[in-house]
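Asks: I'd like to go over a predicted model; first the sequence, then the structure.
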Amino acid sequence: MRAFCERLLALVFALSVVCVAANAARADAYEDALAHFLADSFDDTIEGINAVAQSGHPLAEKVIVALQDGRLLFSEEQKRVFFKDEADRLFDAASGSPATGSPPADLSQVRLNNRLRRIIEATLGGLTLLAPDPAKRLEAAQAVFKSKDANALPALDQAIAKETNARVKRALSEARAAVILYLDDAAETDKIDAVGVMRDRGDNEALAVLRGLPDTAPPAVKQLAADAIASIERTLSAWETVQNAWYGISLGSVLLLAAIGLAITFGVMGVINMAHGEMVMLGAYTTFVVQEVIRTRYPGLFDYSLFIATPLAFLIAGMVGVLIERGIIQFLYGRPLETLLATWGLSLILQQAVRTGFGPTNKDVGNPSWMSGSFDLGHITITYNRLWIVVFTLLVFVLLLALLRYTRLGLEMRAVTQNRSMAASMGIRTGWIDAMTFGLGSGIAGIAGVALSQIDNVSPNLGQGYIIDSFMVVVFVGVGNLWGTLVGALTLGVANKFLEPFAGAVLAKIAILVLIILFIQKRPRGLFALKGRAVEA
Amino acid sequence: MFITKRAAAGRPLTRRWLIATAGLALGAGFVGQPAQAQETIKVGILHSLSGTMAISETTLKDVMLMLIEEQNKKGGILGKKLEAVVVDPASNWPLFAEKARELITKDKVSVVFGCWTSVSRKSVLPVFKELNSILFYPVQYEGEESERNVFYTGAAPNQQAIPAVDYLMSKDGGSAKRWVLAGTDYVYPRTTNKILEAYLKQKGVAQSDIMINYTPFGHSDWQTIVSDIKKFGSAGKKTAVVSTINGDANVPFYKELGNQGVKATDIPVVAFSVGEEELAGLDTKPLVGHLAAWNYFQSIKSPVNANFIKTWQTFTKNPKRVTNDPMEAHVIGFAMWLKAVEKVKSTDPNKVIDALPGIEAPNLTGGTSKMLPNHHITKPVFIGEVRADGQFDTVWKTPGLVPGDAWSNYLDGSKDLEADWVTLKCGNYNKVTKKCGGA
């Protein structure tokens, strides 16, 4: 009995010695690994990443995440590696405890390039496959899918067995399939299953995996993969039509937004306003100023900046519009050529004024978080900023229709448009209505500027890019019809986007212009001709 | 600092005040010697201050004013002060020629620093030839040109495009096998892409692995093209995009890339026309890791660069103002011109043109650039990755300086040509026919 106890004790002792030694070895390996980060060379950093990951040290993940975010620092003089947490506090990477004393003077960041970023993503993927957070596991699965790292296979199998979240489970099995397909010594049946998984995934990335299949793959697998590629391509090309339609609607809504103000000033009033684009620009700069104020004073409000900018842009551009009408255009009614020249001159003046005031360079207008990124709908990618612009455009359109239809101002506007002298004799102040109509058109252009600032440059030239397109829409549909503007803008947008994949962006644009010219030959008054002052003139 | 009346037009009021007072102060110093007040050497600045190109060119005008001011603080040159004559060609190509003529004949400038787009350079060429004056051209361009009166201080394709492609083919760059060449539809992207296509094919890239795409100026709807790039990138081979997209169209392009989730680790984009100024108008966080190839980055650490950035930010009174590659080209060009003038003790164009080849001047990245007989200069090439703060992190550079090549070695018709204004006295000497005058 005693002998047995002694033996047991000896065993326990021996085990603990082994354990301690292993722990020490692990810590040593980790510290040795950290030393690779001191060299400031990409190749050494890669060795460092691999060694840190293999050390199994509890800090390994933290250090690699810090490296990915550019928070891993080193001091060549002290031969020590540090990391910063999100709150900018400095920690010693070797011990994980807060760094004491003043930070070393030669502290510099461990630098990254794309090759390293890919390796980090793959390594982190392997490390976080079993993370408690499902979002992290999903990210890890996607990283392994890209890296196709065979070393991750055991962890993947373990993760798939444990996974309860259906979406993550699918991503994990897709990642496993990708690894298997690129693994030379995997069983053929496994590979055939893997091709099936890719076929079910059916997107561009699955295509990339199947097309890049190594030459060593068994012929049966290759044949199946070729079938799968053909089938995925068929589905994707069907989806492409849907995608083109969506892109067309999105382009059309941008055209509509830019043209709708012009549809009022040119369409309803018959004024050729070459400074229309500059009203759009003023709206965009209003957004910039609002965001600047928010950034410096109330950073928490940033996500609401567009809601604040929209009414302001409407007011500012509208006021400038009223000033233009009262100051210049009211003296030029019935003289289109003079109006054209005067407003063109005005557009140059406004551009140069903004250039002098704000400087000639682009201004940084940020996307609020709800307007950044994208989501997948079937096999097409829809970006949030485009989606919200479509929604916003329709909203503006409906509001404008309601304004013209249900308010007194709208009634008077329509009256003046249809018969000026009759309206005047009914006691409507036609001059005032002219100014208001012009202000309304300009204000809407200002709102358009808020939306366009989200997808385009905010520079003094912003407006110029849209003036031709706006006129194109208005001329195409004919003057004085808001519904026509909607139909026309969407038609042009969709036509452009369906032409673009075949003809290229340059030719598509030319083709659209040629089509419009031919169309105008046939129907000089546009798609939806309407009676109005422009017709009388 | 001296400035003519016209020069002050079109600048912000505050600066005009400063210049006016500075001019008064300096003028007062010369009251005793009115004759000497006339004795200045005039330097023409031909950059658009209005119109589409003002976005890029205004900065170059400012940097020239700063360089001239700095030189005058050191006592000018040949015992005379320098005087800037600023004109505004308003992004209008024929107006460039008119303004150049005005600078040379009416203002009698000794040298002109100017132009940005290739078409503006082509427009002023005949004027400089006819009136025999000197133009320093500071922007990276498509090459295929060497003129006696022009000195090209920007990069030729072999100093920017070719090294960038080499980098992307290397292991560090991601060993790209499939290429998208995307550009704005005009002469610089078309010629550069022609050179790159020939170069890639020579490196064994198949035609089916190259996709070329052109877009109009100011293109703002990139949805189709970005999804085309994603589709092209799904062939199972590493794909890279080489972008010659012109300045203004870049912001919506990068926004679309960021929103559609094209990350630099999947499909890196290397750009030749995107610098610190262009990134200043962008939220760069989704773009981290995309690349640019230049001969200068603001983030490069060297004592001369630190000093230059400090002087520039003081001069513009904006501590956040960025610097970029074409600015450095003007710094080098101006220093070279000063050295040449000092060497021949004259501003006579013929003497200066002959003296310039061989002149060396320090660049801002710690090396010394040299003017070559083909009127191009030697430059280091850097590949930088976009950082979250809108600056670039140099991830690769050429081991030494790369001499600018006027005629590309990868294009038929151009590979036999050589430019040498020292021994051959010819800008397009044909090595096969042994004649001056092109292919």
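Replies: Yep, it's here.

Asks: going forward, measure contacts between C-alpha atoms and count neighbours the same way
Replies: Will do.

Asks: B:Gln313: which element?
Replies: helix B:303-315 (DSSP states H and E).

Asks: dump the residue contacts of the residue of the stretch 301-439 of chain B found nearest chain A.
Replies: Closest to chain A within the stretch 301-439 of chain B is B:Val395: 6.5 Å, counting by C-alpha to the nearest C-alpha. Residues counted as contacts of B:Val395 (C-alpha atoms under 8 Å, 6 or more residues apart in numbering or on different chains) are A:Leu112, A:Asn113, B:Phe382, B:Ile383, B:Gly384, B:Glu385.

Asks: flag every buried residue along the helix holding B:Gln313.
Replies: By 16 or more other C-alpha atoms under 10 Å in any protein chain shown, the buried positions in helix B:303-315 come out as B:Asn305, B:Ala306, B:Phe308, B:Ile309, B:Trp312, B:Phe315.

Asks: near chain A, list only the ones from these.
Replies: Among the buried residues of helix B:303-315, no residue sits close to chain A (C-alpha under 8 Å from any C-alpha of the partner chain).

Asks: so who does the residue nearest to A:Ile264 when sequence neighbours are not counted touch?
Replies: Nearest residue to A:Ile264, sequence neighbours excluded (C-alpha to C-alpha, 6 or more residues apart in numbering or on different chains): A:Gly441, at 5.5 Å. If you count contacts by C-alpha under 8 Å, 6+ apart, A:Gly441 has them with A:Ile260, A:Gly261, A:Leu262, A:Ala263, A:Ile264, A:Thr265, A:Gly318, A:Gly321.

Asks: likewise B:Asn213?
Replies: A:Gly504, B:Val180, B:Leu181, B:Ala182, B:Gly183.

Asks: beta partners for it?
Replies: Taking DSSP bridges as the rule, B:Asn213 bridges to B:Ala182.

Asks: spell out which parts of the stretch 1-150 of chain A neighbour chain B.
Replies: A:Leu112, A:Asn113, A:Asn114, A:Arg115, A:Arg117, A:Arg118.

Asks: next, count neighbours for the last one.
Replies: Going back to what we said before, that points to A:Arg118. 19 (other C-alpha atoms under 10 Å in any protein chain shown).

Asks: quick one: it and B:Ala264 touch, right?
Replies: No - counting by C-alpha atoms under 8 Å, B:Ala264 is not a contact partner of A:Arg118; they are 9.4 Å apart.

Asks: A:Thr393 reaches A:Leu256, doesn't it?
Replies: Yes - if you go by C-alpha under 8 Å, A:Thr393 and A:Leu256 touch, sitting 7.3 Å apart.

Asks: and these two? which has more neighbours close in?
Replies: Shown here are A:Thr393 and A:Leu256; by other C-alpha under 10 Å, A:Leu256 has more neighbours (32 against 24).

Asks: now the nearest residue to B:Gly400 once chain neighbours are set aside: how far from B:His330?
Replies: In this structure, B:Gly400 finds its nearest non-sequential neighbour in B:Pro380, 6.2 Å apart by C-alpha to C-alpha, 6+ apart. Noted for B:Pro380: a distance of 16 Å to B:His330, by C-alpha to C-alpha, to the nearest Å.

Asks: cool, and A:Ala263?
Replies: A:Ala263 is 47 Å from B:His330, by C-alpha to C-alpha.

Asks: could you do A:Phe392 as well?
Replies: 46 Å.

Asks: neighbour count for these two, which is higher?
Replies: Higher neighbour count among A:Phe392 and B:His330: B:His330, with 25 against 17, using other C-alpha under 10 Å.

Asks: interface residues of the stretch 301-450 of chain A facing chain B?
Replies: Residues of the stretch 301-450 of chain A lying near chain B (C-alpha under 8 Å from any C-alpha): A:352, A:355-357, A:360-366, A:372-374, A:381-384.

Asks: how near is the most centrally placed residue in chain B to chain A?
Replies: Centroid-nearest residue in chain B, with C-alpha atoms, centre = their mean: B:Val139, separated by 1.7 Å. Per C-alpha to the nearest C-alpha, to the nearest Å, B:Val139 is found 17 Å from chain A.

Asks: low-confidence ranges in the chain?
Replies: No chain was given, so I picked chain A. By pLDDT under 70, the low-scoring segments of chain A are A:1-27, A:267-268, A:479-480, A:529-537.

Asks: you answered for a different chain; I wanted chain B.
Replies: Checking chain B against pLDDT under 70 turns up B:1-38, B:247, B:438-439.

Asks: let's see that with 50 instead.
Replies: Along chain B, segments meeting pLDDT under 50 span B:1-36.

Asks: what about the helices in it?
Replies: Along chain B, counting by DSSP state H, helices occupy B:5-8, B:13-29, B:34-38, B:54-73, B:93-101, B:118-131, B:161-169, B:187-202, B:223-232, B:250-259, B:276-279, B:303-315, B:325-344, B:349-355.

Asks: what ranges do the strands span in the stretch 1-150 of chain A?
Replies: A:72-75, A:80-84, A:90-92, A:107-109 (DSSP state E, counting those that start in this stretch).

Asks: give me the contact list for the last one.
Replies: Outside strand A:107-109, the residues within contact range by C-alpha under 8 Å, 6+ apart are A:Gly70, A:Arg71, A:Leu72, A:Leu73, A:Phe74, A:Ser75, A:Glu76.

Asks: residues touching A:Trp49, list them.
Replies: No, residue A:49 isn't Trp; it's Ile. Contacts of A:Ile49 (C-alpha under 8 Å, 6+ apart): A:Ala33, A:Ile64, A:Ile120, A:Thr123.

Asks: next, the angle from the helix holding B:Gln313 to helix B:325-344.
Replies: The directions of helix B:303-315 and helix B:325-344 differ by 110 degrees, with axes from the mean of the first three to the mean of the last three C-alpha atoms, to 10 degrees as the criterion.

Asks: closest to A:Met426 out of the strands of the stretch 1-150 of chain A?
Replies: Nearest to A:Met426, of all these, is strand A:80-84, at 74.6 Å by C-alpha to C-alpha.

Asks: moving C-terminal from the helix or strand hosting A:Ala284, which element do we reach first?
Replies: Element membership for A:Ala284 (DSSP H and E) is helix A:276-297. With elements assigned by DSSP H and E, the helix or strand that comes after helix A:276-297 is helix A:305-327.

Asks: got the CA coordinates for that next one in PDB?
Replies: Presented in PDB, the C-alpha positions along helix A:305-327 are these (Å, rounded to 0.1, in the frame of the first residue of the first chain):
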ATOM      1  CA  SER A 305     -26.000  64.900 -39.300                       C
ATOM      2  CA  LEU A 306     -28.000  64.400 -42.500                       C
ATOM      3  CA  PHE A 307     -31.300  65.000 -40.800                       C
ATOM      4  CA  ILE A 308     -29.900  68.400 -39.600                       C
ATOM      5  CA  ALA A 309     -28.300  69.200 -43.000                       C
ATOM      6  CA  THR A 310     -31.400  68.500 -45.100                       C
ATOM      7  CA  PRO A 311     -33.600  71.300 -43.900                       C
ATOM      8  CA  LEU A 312     -30.700  73.700 -43.700                       C
ATOM      9  CA  ALA A 313     -29.600  72.800 -47.300                       C
ATOM     10  CA  PHE A 314     -33.200  73.400 -48.500                       C
ATOM     11  CA  LEU A 315     -33.300  76.800 -46.800                       C
ATOM     12  CA  ILE A 316     -29.900  78.000 -47.900                       C
ATOM     13  CA  ALA A 317     -30.200  76.800 -51.600                       C
ATOM     14  CA  GLY A 318     -33.800  78.000 -51.600                       C
ATOM     15  CA  MET A 319     -32.800  81.500 -50.400                       C
ATOM     16  CA  VAL A 320     -30.000  81.800 -52.900                       C
ATOM     17  CA  GLY A 321     -32.600  80.700 -55.500                       C
ATOM     18  CA  VAL A 322     -35.000  83.400 -54.500                       C
ATOM     19  CA  LEU A 323     -32.200  86.000 -54.600                       C
ATOM     20  CA  ILE A 324     -31.200  84.800 -58.100                       C
ATOM     21  CA  GLU A 325     -34.700  85.100 -59.300                       C
ATOM     22  CA  ARG A 326     -35.400  88.500 -57.800                       C
ATOM     23  CA  GLY A 327     -31.900  89.800 -58.700                       C
END
